[in-house]
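# This is a predicted model, with the sequence first.
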Amino acid sequence: MQDTDTPARGGLARAALRQSLTLARRSVSRLRTVPEETVGFVLQPLIYVTLFVFVMGEAMAGDWRTYRDFALPGIAVQMVVLSTLGTGLALNTDLEKGLFDRFRTLPISRTAPLLGAVLGDLVRYGLSLAVMTAVAAAIGFRPAGGVQGVAAAGALILVFAFSLCWIWTLLGLKARTPSGVQTLATVFLFPLAFGSSVLVDTDDMPGWVRIWAGVNPVTWATDAVRALLSGAPAGREVAGTLLWSAAILAVFLPLAARAYRRRVR
């Protein structure tokens, strides 16, 4: 019996993965069918670089080029971290429109719509990082870590973003309206994104802020990306980021899955 059940479970898992990837493609296809989303993904990196490098660079470091080299790795992390909120908003909107009720009538895995939504968002974050890389190159950013460092940094950001998506997925399932998701998420998201080493060195922060920034997972991700891009040893920072990502997943993925089962049953 055990030998028979194991292949059966394996077949179900493969089918669920295929269905999730199909629904992920549906999510990504909105970039083609909804032009404003495509425009947003192109403009977002430009706006972030303009605001944080050119507007703040002289004041923060006395020279925007010096600040560019410090801030761009953090801006890449911050941009994706803030974008993960969209996962919860889109999920809550789809739930309110009854889309997931229609999914229930299809012969697909119960978890495929949820996983497909997260994977589709992950593809869009990757596209945003690609645009961000092009913008950084256009203003003269030349990471010493080379292509390998850029690829490793991008992969690490996406792993970290995947874990954060499940926090907002849980909020999207629990909140009653999209505005409720945004309000709740902002309370948690802003301390994560801005109470970190994204824009300033933690050594320049007041004592109590420095303590928070030191344990903040966004700081660990930012420091890891900086090290990878600069070609410096990054083992400690990368390991810390992966541990944080694993811990977030271990807590929020099961909670989100349970909330999803209750919401759509």
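The structure has been received and is ready for your questions.
# Any regions of the stretch 151-265 of the chain where pLDDT drops low?
264-265 (pLDDT under 70).
# can you give me the helices for it?
178-194, 207-215, 217-230, 235-264 (DSSP state H, counting those that start in this stretch).
# Tell me which of those helices sits most buried.
helix 217-230 (a mean of 25; mean count of other C-beta atoms under 10 Å). Glycine gets a C-beta too; all of them are placed from N, C-alpha and C.
# Show me the contact partners of that one.
By C-beta atoms under 8 Å, 6 or more residues apart in numbering, the list of residues contacting helix 217-230 from outside reads 70, 73-74, 76-78, 81, 143-145, 149-150, 152-153, 156-157, 160, 192-193, 195-198, 202, 213, 232-234, 237-238, 240-241, 244-245, 248.
# Spell out for me which residue occupies the centre of the protein.
Centre of the chain computed as the mean C-alpha position; nearest residue by C-alpha atoms, centre = their mean is residue 161, 2.6 Å away.
# and that residue, what does it touch?
By C-beta under 8 Å, 6+ apart, the contact list for residue 161 reads 80-81, 83-84, 122, 125.
# do that again at 10 Å, thanks
77, 80-81, 83-84, 87, 118, 121-122, 125-126, 128-129, 221, 245 (C-beta atoms under 10 Å, 6 or more residues apart in numbering).
# Can you give me the neighbour number for residue 144?
Look at residue 144: counted by other C-beta atoms under 10 Å, it has 10 neighbours.
# What pLDDT is listed against it?
We have a pLDDT of 92 for residue 144.
# Angles on the backbone of it, please.
Per-residue torsions, residue 144: phi -70, psi -20 (degrees, to the nearest 10).
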